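Asker: Compute the structure for the input listed below.
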Amino acid sequence: VVLTGAGAALPVLTAPPADHTATVALVQGNVPGVGQMSVLGERMQVLGNHVEGVHRLADRVEAGEAAQPDLVVLPENASDIDAYADPAAAEMITEAARDIGAPLLFGITRYSQDGTEREVRSVVWDPQEGPVDHYTKRYLVPFGEYVPYRDFFTRFVERLGQIGSDAVPGTEPGALALGGTTLATAICFDVAFDRPVRESVAAGGQIIAVPTNNANYNFTGQPEQQLAITRLRAVEHGRPAVVASTSGVSAVVTARGELAYRSPEAEP
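Answerer: Presented below is the predicted three-dimensional model:
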């Protein structure tokens with residue numbers, strides 16, 4: 001009984017002071033196909049889907065059909081194009097941020113000069129200043145985002161050659177300030193590990209944000225499993241949580257782990 005009572009009280013005891021409220025929008029732009037390893041190759045279409053989602057939201061706000069958001073959260077890999085190096089991609093994102101009149105948390109892939117390495121980032125994209133702060137994914141999926149012992153394994157598994165560059169992990173907590181709120185950011189696989197969320201909350205995170213790309217796993221149960229982990233993190237830290245996915249499941253979770261909203265899969 002004591003343990004049960006303590007568990008029920010945990011979100012209240014660990015919750016941050018309620019000094020303000022924030023209106024958070026999520027954009028699930030969808031991808032050209034689901035369950036396909038080629039999704040990241042449809043780069044411009046995926047980027048276009050997600051900036052168009054922001055523009056559609058702006059139209060709804062202008063029409064009085066939706067509240068003006070303080071910030072907008074978009075998925076991991078919302079742009080697999082390096083918008084730091086591609087002026088056209090950067091302009092598309094900037095135009096979307098200006099249209100909605102709020103900072104975006106935008107999933108971007110940042111490539112090294114020679115293209116052999118990349119970072120999976122969630123970037124704070126300001127309507128006026130463009131990219132400012134960012135968080136780099138810390139826990140990467142082996143044989144998905146990087147190939148350990150590449151020279152050895154690619155001899156036996158030809159498909160691994162589709163992973164043309166290896167992602168490198170970040171080292172810093174993902175406490176990102178935008179729109180007057182600090183997001184404790186953990187990208188996709190990060191949320192399965194204690195450290196990224198714990199350190200981001202300790203650094204001031206008020207809402208847990210989980211940008212994710214589950215396009216290769218739609219209708220397999222993996223998105224549901226990841227959502228269940230996110231609900232656990234919300235209770236663990238006494239923070240509400242938001243999940244923004246390319247193709248679902250996107251969701252809003254209360255600080256008590258209750259599911260306030262979930263999106264359909266494979267739909268924008």
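Asker: Show me the residue at the heart of the protein, geometrically.
Answerer: residue 211 (1.2 Å; C-alpha atoms, centre = their mean).
Asker: Help me confirm that that one is found in a helix?
Answerer: No - looking at residue 211 with DSSP: H, G, I helix; E, B strand; the rest coil, it is strand, so not inside a helix.
Asker: now it: how far from residue 26?
Answerer: According to C-beta to C-beta, to the nearest Å, residue 211 and residue 26 sit 10 Å apart. C-beta: built from backbone N, CA, C; applies to glycine.
Asker: Which residues are in contact with each of the two?
Answerer: 73, 74, 243, 244 (C-beta atoms under 8 Å, 6 or more residues apart in numbering).
Asker: Identify those among those residues that sit within helices.
Answerer: Judged by DSSP state H, the shared contacts of residue 211 and residue 26 include no members of helices.
Asker: can you name the two of these that are farthest apart?
Answerer: 74 and 243 (11.5 Å; C-beta to C-beta).
Asker: Which neighbours do these two have in common?
Answerer: By C-beta under 8 Å, 6+ apart, residue 74 and residue 243 have these common neighbours: 26, 211.
Asker: residue boundaries of the strands in the stretch 51-200 of the chain?
Answerer: 71-73, 104-111, 117-126, 130-136, 166-167, 175-178, 181-185 (DSSP state E, counting those that start in this stretch).
Asker: Relative to residue 44, which of these is closest?
Answerer: strand 104-111 (13.1 Å).
Asker: Show me what the closest one is packed up against.
Answerer: Counting contacts by 3 or more C-beta pairs under 8 Å, 6 or more residues apart in numbering; DSSP states H and E, strand 104-111 is packed against strand 71-73, helix 87-100, strand 117-126, strand 130-136, strand 207-212.
Asker: If we use 7 Å, what do you get?
Answerer: strand 71-73, helix 87-100, strand 117-126, strand 207-212 (3 or more C-beta pairs under 7 Å, 6 or more residues apart in numbering; DSSP states H and E).
Asker: What is the longest one packed up against?
Answerer: When you say that, I think you mean helix 87-100. helix 43-62, strand 104-111, strand 117-126.
Asker: how about 10 Å then?
Answerer: helix 43-62, strand 71-73, strand 104-111, strand 117-126, strand 130-136 (3 or more C-beta pairs under 10 Å, 6 or more residues apart in numbering; DSSP states H and E).
Asker: So which of those is nearest residue 234?
Answerer: That would be strand 71-73 among those, by C-beta to C-beta, at 14.9 Å.
Asker: how distant is the closest one from the center of its chain?
Answerer: For strand 71-73, the gap between its own C-alpha mean and the chain's C-alpha mean amounts to 10 Å (C-alpha atoms, centre = their mean, to the nearest Å).
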